[in-house]
Each structure stands twice: as structure tokens, then as C-alpha cells.
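Visitor: I would like to see how this sequence folds:
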Amino acid sequence: MAASRGVTMFRLPPLPTIGEVIKLFKLRAVKQLSQNFLLDLRLTDKIARSAGNLKDAYVCEVGPGPGGITRAILNAGVTELLLVEKDPRFIPGLQMLSDAAPGKVRVVHGDILTYKLGQAFPNHLIKNWEDDPPDLHIIGNLPFSVSTPLIIKWLENVSKRDGPFRYGRTQLTLTFQKEVGEVDVTVVHFTPLVQPKIEQPFKLVEKVVQSVFQFRRKYCHHGIRILFPEATRLEKAEQMLMLADVDPTLRPAQLSMFHFKNLCDVYRKMCDEDPSLFAYNYREELREKRRKKQNFKRTSDDDWI
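Guide: Numbering: from 1, shown residues only. Predicted structure coming up:
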């Protein structure tokens, strides 16, 4: 502990450097898992500062690895730090940090995609959604392989206000790696909005967005079409684009939030008029067509035997 201007600040006791921890436990970044190790203390401190004021906050760090960002978070004076790490190779090094900061660090060997963050912190942190964000932060250096499914999971949690967002508008500070093996990362800070830009069920919004970006290099009408069964595909897609006032020759990346709002609102109305529509799955239709084609071929071959 060190005193500054009469305020007691937490400081970790002397520990091996991250480089020494990596050597001590014979750790290496696994390219297949798109892992990288952040060894630059200036970078790890910058990531922790990007989260805002962490003094007395509760923090969950996702995939801390050898603990570079972890040390910066602890030195910011948090009340409690929960570390959720899936890779068992990193647990002994993280436990070393926990031992050096008794009562402040919890180490969990688990998968953040299934770990119940909504039950991980005390209830006194809970705030109304319309209030300022709770004193709870999620920080993580996300490998490419987990970033997309995790962000989608958290977006659904935001829409339902459950998981880590049962406490309120929990803030996220995440780094995204550009490519496997690069040390350069992009730091993004998220704070959920009080009112969503698109006020429709998450699964509906997800379906529309995924369909549009299914053909990201083509015009957006290609993606809109696969929202509908083959028999009515062209007619319904044209109707949806017209009602949403979306130019069918725009590419997915050119569509604005306003465009997506209109598309989702129109699709919701069409699903209300035809309750079977939302259950339609383009990929299942393709699989069924292939299966019938294969069965027909087998039957035709048998006729020649």
C-alpha cells in the first residue's frame, strides 16, 4: 500500500514481470486460438484507463491470460476483480496475483460464454436502467475466435437486461485484435443506451442483420430475399424494401441504423401478419432441397440396377 495526499492507494507487492511469468510457467500464445500477450505496460495501463475511473469499482476481466491488463486494473484501486479464464495454462500465474492481493481477486477457471455473470456480483450494485451505469465494468482483450459470439451474447443480454446487465447499464471496455499475431489492438468502450435504436425483439433484429450481411459484397436485396420462402421470395423482398424505403442496390455496409430500423419494423409487421414467417430458415430449406435431390438420385440409380 502507498499513501498519496492522505489517500491510501493499493499497490501490488513486488512480483515477477509478465515476461518472467510467461517463462516460469512455459506459456506461449496459441495461434489457433488467436491469442497474443500484451507485455507493454504503457499499453495495458492505457486499456485500464480507457474503462474510466475504476477506484472502488467491481470489475470482471475476460480472458486475462498471463495477467498484463490484470495488474493495471488492480493498481487502479478496484474493490474486487473477477478473472474468468478458460485456458488452464494461465490459472497458476493468475492465482499468484490473487495471493498477492488477498480479498481483491477471484480466479475462475471457466468459459465466459457460459459463466453466469449475472450472479457473480453483490446485489447492492443493481441500478435502475435509466440511472447512471453501475460501478461495474467488464474488461477484456478478446481473441478473434471468441469476440463475435461473445458480443452477440452480450447484445442479447442488453436487450433482455439480464446476465451482466441485470445490474444496469454495465460498461464494457474491450480490445479487438486486427489479425492473429499482431500486437496492435483497437480499444472500444461500450455503454448501453437507455433506449435502443431499434425497438424490436433481439432475435428478430439479429435475423434481419445476419441475413443482410450473408452477402456482404452484393446488393442488400440478396440478403433480404433469404428472409422469405422460395415461393414468395422475390415478391416479399421487393415489398419489404419498398415499405422500408431502402434502395435495393445499396450494399450492406452502406445501410444506416435508420435503414435497419425500418427493415426490422417492416419485417416485424410481416411476421405479425404471417406467424409462420419468423420460423422460416433459409439454410434449412437449402438442406431439404439437397436431401430431396440426393434421394431422387439414389432412386434413379436404383432403377438402373
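Visitor: mind checking the SS state of residue 83?
Guide: Assigned with DSSP: H, G, I helix; E, B strand; the rest coil, residue 83 falls in the strand class.
Visitor: count of residues packed around it?
Guide: 25 (other CB atoms under 10 Å). C-beta here means a position set from N, CA and C on the backbone, and glycine is covered the same way.
Visitor: ok, residue 285 - contacts?
Guide: 229, 230 (CB atoms under 8 Å, 6 or more residues apart in numbering).
Visitor: now the one helix or strand it maps to: average pLDDT?
Guide: Residue 285 belongs to helix 282-303 when assigned by DSSP states H and E. On average, the pLDDT along helix 282-303 is 76.
Visitor: these two touch, right, residue 200 and residue 263?
Guide: No. The criterion here is CB atoms under 8 Å, and residue 200 misses it with residue 263 at 10.0 Å.
Visitor: out of those two, which sits in the busier spot?
Guide: Taking neighbours as other CB under 10 Å, residue 200 and residue 263 compare with residue 263 leading, 28 against 18.
Visitor: now the more buried one: closest residue in space, sequence neighbours ignored.
Guide: residue 244 (4.7 Å; CB to CB, 6 or more residues apart in numbering).
Visitor: swap in residue 62?
Guide: residue 140 is the one closest to residue 62 (CB to CB, 6+ apart), at 3.2 Å.
Visitor: can you give me the helices in the stretch 1-150 of the chain?
Guide: 18-24, 41-50, 68-75, 91-100, 144-160 (DSSP state H, counting those that start in this stretch).
Visitor: among the ones you listed, which comes closest to residue 192?
Guide: helix 144-160 (4.9 Å; CB to CB).
Visitor: in the sheet, which strands lie alongside the next helix or strand after that closest one, parallel or antiparallel?
Guide: Counting by DSSP H and E, the element after helix 144-160 in chain order, helix or strand, is strand 171-177. Sheet pairing of strand 171-177 (DSSP bridges) gives strand 136-142 (parallel), strand 185-190 (antiparallel).
Visitor: where among these is average confidence lowest?
Guide: Going by mean pLDDT, the lowest-scoring of the strands paired with strand 171-177 is strand 185-190, which has a mean of 88.
Visitor: picking that back up, report the contact partners of the residue nearest to residue 263.
Guide: Going by CB under 8 Å, 6+ apart, the list of residues near residue 244 reads 259, 262, 263, 265, 266.
Visitor: for the last one, which three-state class applies?
Guide: With three-state DSSP as the basis, residue 266 sits in helix.
Visitor: what's the burial count for it?
Guide: 20.
Visitor: look up how far residue 84 lies from it.
Guide: Remark: distance between residue 266 and residue 84 (CB to CB, to the nearest Å) = 40 Å.
Visitor: do the same with the second one
Guide: Distance of residue 262 to residue 84, given as CB to CB: 38 Å.
Visitor: what does the third one give?
Guide: The gap separating residue 263 from residue 84 is 36 Å, by CB to CB.
Visitor: what's across from the nearest residue to residue 91 once chain neighbours are set aside in the sheet?
Guide: Once flanking residues are discounted, residue 91 sits nearest to residue 109: 5.3 Å by CB to CB, 6+ apart. Beta-bridge partners recorded for residue 109 (DSSP bridges): residue 85.
Visitor: pLDDT below threshold where in the stretch 201-305 of the chain?
Guide: For the stretch 201-305 of the chain, the stretches with pLDDT under 70 are 296-305.
Visitor: mind giving me the domain ranges of the protein?
Guide: For the chain, automatic domain parsing gives the domain ranges 2-190, 202-285.
Visitor: what's the span of the last one from first residue to last?
Guide: By CA to CA, to the nearest Å, the extent of domain 202-285 from end to end equals 23 Å.
Visitor: quick check, residue 11 in contact with residue 77.
Guide: No. Using CB under 8 Å, residue 11 makes no contact with residue 77, being 9.2 Å away.
Visitor: of the two, which one has the most company?
Guide: Shown here are residue 11 and residue 77; by other CB under 10 Å, residue 77 has more neighbours (17 against 12).
Visitor: nearest residue to the more buried one other than its sequence neighbours?
Guide: residue 55 (4.4 Å).
Visitor: neighbours around that neighbour, how many?
Guide: Residue 55, neighbours per other CB under 10 Å, totals 13.
Visitor: residue contacts, it?
Guide: Here residue 55 is in contact with 76, 77, 78 (CB under 8 Å, 6+ apart).
Visitor: distance of it from residue 97?
Guide: For residue 55, the distance to residue 97 - CB to CB - is 19 Å.
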